[in-house]
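1. Output the structure for:
(one chain, ligands or ions: 1)
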Amino acid sequence: MKRSRAATSGLLVALPALLALGGMLLVGVPSLAEAIALFVLVVFLTVVAWRVAGGRPSRMQTVANLLEALREGDYGVRASGTERQDDFGDIARRFNELAARLQDEQRGLQESLQLLSKTLAALDGAVFAFERDGRLRLVNPAGERLLGRQASEVLGMDAHALGLSGLFDVPSGDIVPYEFAGQAGRWQVGHAALRSRSQEGRLLVVQPMERALREEEAQAFRRLLRVLSHEITNSMTPIGSMVETLHGLLPDAGQPLGPELDADLRHGLEVIGQRSAALQRFISHYARLARLPSPNVAVVDVAAFCERVVRLFDDARIRIEPGESLSLQGDRDQLEQVLINLLRNAVEAGGDDEVLLGWRRAGTRVLVEVSDLGPGLPPSGNLFVPFFTTKANGAGIGLALSRQIVEAQDGTLELFAREGSRGAVARVSLPVSAR
Ligand code: ADP
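-> Now for the predicted structure:
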């Protein structure tokens with residue numbers, strides 16, 4: 001339809017020239033004056049025919065062209081005629097507003113994309129985005145370094161060929177040693193489903209942990225040395241001075257010990273015995289952290305268990321807030337050690353205030369909570385790092401050991417600030433027992 005109309009219009013516009021040519025062929029070459037008159041006539045008639053044939057685009061055509069430009073993504077186009085006070089002027093103004101908005105949005109999108117790509121480029125962690133069919137669609141510079149290859153070489157390859165497929169089996173958030181083509185070390189792995197243009201894909205994020213872990217380990221080692229030397233000095237100094245004193249008290253060879261001297265010697269030996277026993281206890285404490293026996297899991301009645309531990313303390317500040325009758329699965333002896341640590345921390349933090357011990361069920365878990373009214377937790381992410389302590393005589397072992405015990409029994413241990421009140425809450429979560 002459109003094409004035949006265009007052909008008719010073309011014919012109409014060409015008609016005057018065709019007629020003039022036909023005339024000349026029939027009549028012969030005109031004189032100069034006739035030729036000029038004929039030329040003016042042909043031009044005039046062509047203009048008339050062009051206008052009749054709709055040579056200037058109609059308004060609807062103009063609108064269609066403008067919309068086509070938008071469809072092609074050219075948001076810089078603007079309609080003229082916005083000053084007109086008719087319907088077309090109104091349409092032109094609205095069109096320009098729409099185009100300006102789309103242009104703004106496009107600019108915003110481009111800026112966000114630029115920001116995103118700069119952020120991805122600055123990231124320490126490697127980011128890989130895979131299509132639904134497992135092909136790599138995006139990789140950042142850290143990812144290129146990990147693979148030891150440029151993006152242009154690896155885009156389109158699948159996770160298996162890149163040696164990354166095994167990382168999808170690692171639970172998100174875990175730290176694992178892994179050898180990539182470009183680098184090796186310990187890495188925290190994260191993955192998630194990715195949805196773009198209704199296509200399912202997968203996102204893999206690999207964060208280098210080697211340096212942080214090494215620093216953490218070195219720091220723990222320094223703390224260990226500090227604590228050990230502090231404890232050993234604490235025990236050895238009195239032992240050394242006591243030995244010296246006793247040596248000075250000893251009578252000459254062959255002389256009898258008087259009753260007073262006898263008592264002094266006994267007392268001195270007792271102190272030495274006590275200090276060396278304390279040192280031994282202290283060392284065994286550390287050894288336990290390194291060699292925790294595997295748990296002997298059984299059914300534990302929560303109320304009876306809590307009451308027994310509280311009785312060990314014999315402290316009026318500790319109050320049990322009885323919860324429902326529940327049993328959990330765990331190693332009673334090891335869990336006792338955990339609860340002792342948590343109650344001791346709470347009592348030490350809480351001063352004269354009451355410490356509450358309670359429990360409840362949350363789905364398939366039993367939550368045992370110790371809350372205190374102390375100053376709250378110190379602003380540190382190291383509470384569970386071995387040997388971290390804020391106490392003058394603390395060893396910094398309690399929380400690290402407790403978490404190790406609980407996690408070996410499929411449990412978790414968390415410490416957090418008490419909601420709406422001062423103080424802290426320590427929460428142990430363990431599997432509930434059906435019995
Ligand atoms: P220690 O008691 O020997 O310091 P822990 O491992 O038991 O070792 O505790 C580590 C640190 O955690 C403590 O020094 C203290 O700063 C903090 N902490 C533990 N429990 C509490 C609590 N209930 N309130 C405030 N701080 C706590």
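
2. now the end-to-end length of stretch 114-133.
-> From its first residue to its last, stretch 114-133 covers 27 Å (CA to CA, to the nearest Å).

3. For it, list every residue counted as buried.
-> For stretch 114-133, the neighbour count (16 or more other CB atoms under 10 Å) marks 120, 125-131 as buried. Where you see a C-beta, it was placed from the backbone N, CA and C, and this is true even at glycine.

4. In strands, which of those fall?
-> 126-130 (DSSP state E).

5. just those residues now: which is nearest the ligand?
-> Ranked by distance to the ligand (CB to the nearest ligand atom), these are led by residue 126 at 34.2 Å.

6. so who does that closest one touch?
-> Contact analysis of residue 126 by CB atoms under 8 Å, 6 or more residues apart in numbering lists 139-140, 142-143, 145-146, 204-207.

7. Not counting sequence-adjacent ones, nearest residue to it?
-> residue 143 (3.8 Å; CB to CB, 6 or more residues apart in numbering).

8. For that neighbour, which three-state class applies?
-> Three-state assignment for residue 143 (DSSP: H, G, I helix; E, B strand; the rest coil): helix.

9. hang on, it packs against residue 128?
-> Yes. Between residue 143 and residue 128 there is a contact at 5.4 Å, judged by CB atoms under 8 Å.

10. shared neighbours of these two, anything?
-> residue 206.

11. In a markdown table, list the ones in strands among the buried residues of stretch 114-133 along with pLDDT and distance to residue 407.
-> A markdown table is the format used below for these (pLDDT from 0 to 100; distance: CB to CB, whole Å):
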| residue | pLDDT | distance to residue 407 |
| --- | --- | --- |
| 126 | 94 | 28 |
| 127 | 94 | 30 |
| 128 | 94 | 30 |
| 129 | 92 | 33 |
| 130 | 92 | 32 |
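
12. residues in contact with the residue lying closest to residue 326 once chain neighbours are set aside?
-> Closest residue to residue 326 apart from its sequence neighbours, by CB to CB, 6+ apart: residue 302 at 4.6 Å. When contacts are counted by CB under 8 Å, 6+ apart, residue 302 is found next to 323, 325-328, 359, 366, 368.

13. what two of the residues you listed have the greatest distance between them?
-> Spatial extent of the contacts of residue 302 (CB to CB) is set by the pair 325 and 368 at 14.0 Å.

14. more neighbours, the two?
-> residue 368 (26 against 9; other CB atoms under 10 Å).

15. chain center to the longest strand along the chain, what's the gap?
-> Using DSSP E, we find that the single longest strand of the chain is strand 184-196. How far strand 184-196 lies from its chain's middle: 10 Å, per CA atoms, centre = their mean, to the nearest Å.

16. so where is the chain shaky, pLDDT-wise?
-> Applying pLDDT under 70 to the chain flags the ranges 1-7, 9, 52-57, 196-198, 227, 231, 285, 288-289, 435.

17. Would you mind identifying the next helix or strand past the longest helix along the chain?
-> When the chain is scanned for its longest helix (criterion: DSSP state H), the result is helix 210-249. Sequence-wise, the next helix or strand downstream of helix 210-249 (DSSP states H and E) is helix 259-290.

18. what residues does the longest strand of the chain touch?
-> For strand 184-196, the surrounding residues in contact (CB under 8 Å, 6+ apart) are 129-130, 167-168, 170, 172-178, 200-210, 213.

19. Next, the closest residue to the ligand within the stretch 1-150 of the chain: phi, psi?
-> Per CB to the nearest ligand atom, residue 124 is where the stretch 1-150 of the chain lies closest to the ligand, at 29.1 Å. Phi and psi for residue 124, reported as degrees, to the nearest 10, are phi -70, psi -30.

20. Report the contact partners of it.
-> For residue 124, the contacting residues are 142, 207-208, by CB under 8 Å, 6+ apart.

21. repeat for residue 427
-> Neighbours of residue 427 in contact, by CB under 8 Å, 6+ apart: 367-369, 413-416.

22. Sort out for me which of the contacts of strand 184-196 are in helices.
-> 210, 213.

23. Write the PyMOL selection for whichever of the contacts of strand 184-196 are buried.
-> To isolate the buried members of the contacts of strand 184-196 in PyMOL, using 16+ other CB under 10 Å:
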select buried, resi 129+130+167+170+178+201+202+204+205+206+207+208+209
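
24. Mind checking which of the contacts of strand 184-196 land in strands?
-> Of the contacts of strand 184-196, the ones assigned to strands by DSSP E are 129-130, 175-178, 200-208.

25. Any idea how many residues pack against residue 286?
-> Residues lying near residue 286 (other CB under 10 Å) number 18.

26. check contacts around the closest residue in space to residue 278 that isn't next to it in sequence.
-> Counting by CB to CB, 6+ apart, residue 278 lies nearest to residue 235, which is 6.1 Å off, once chain neighbours are set aside. Counting by CB under 8 Å, 6+ apart, residue 235 touches 275-276, 278-279, 282.

27. buried subset of these?
-> Using 16+ other CB under 10 Å as the burial test, the contacts of residue 235 include 275, 279, 282 as buried.

28. Tell me the one of those nearest the ligand?
-> Nearest to the ligand, judged by CB to the nearest ligand atom, of these is residue 282 at 11.8 Å.

29. Where does residue 431 sit: helix, strand or coil?
-> Taking three-state DSSP, the label given to residue 431 is strand.

30. Would you mind measuring from it to residue 301?
-> Distance of residue 431 to residue 301, given as CB to CB, to the nearest Å: 15 Å.

31. rewinding a little: tell me what angle the longest helix of the chain forms with helix 259-290.
-> 170 degrees (axes from the mean of the first three to the mean of the last three CA atoms, to 10 degrees).
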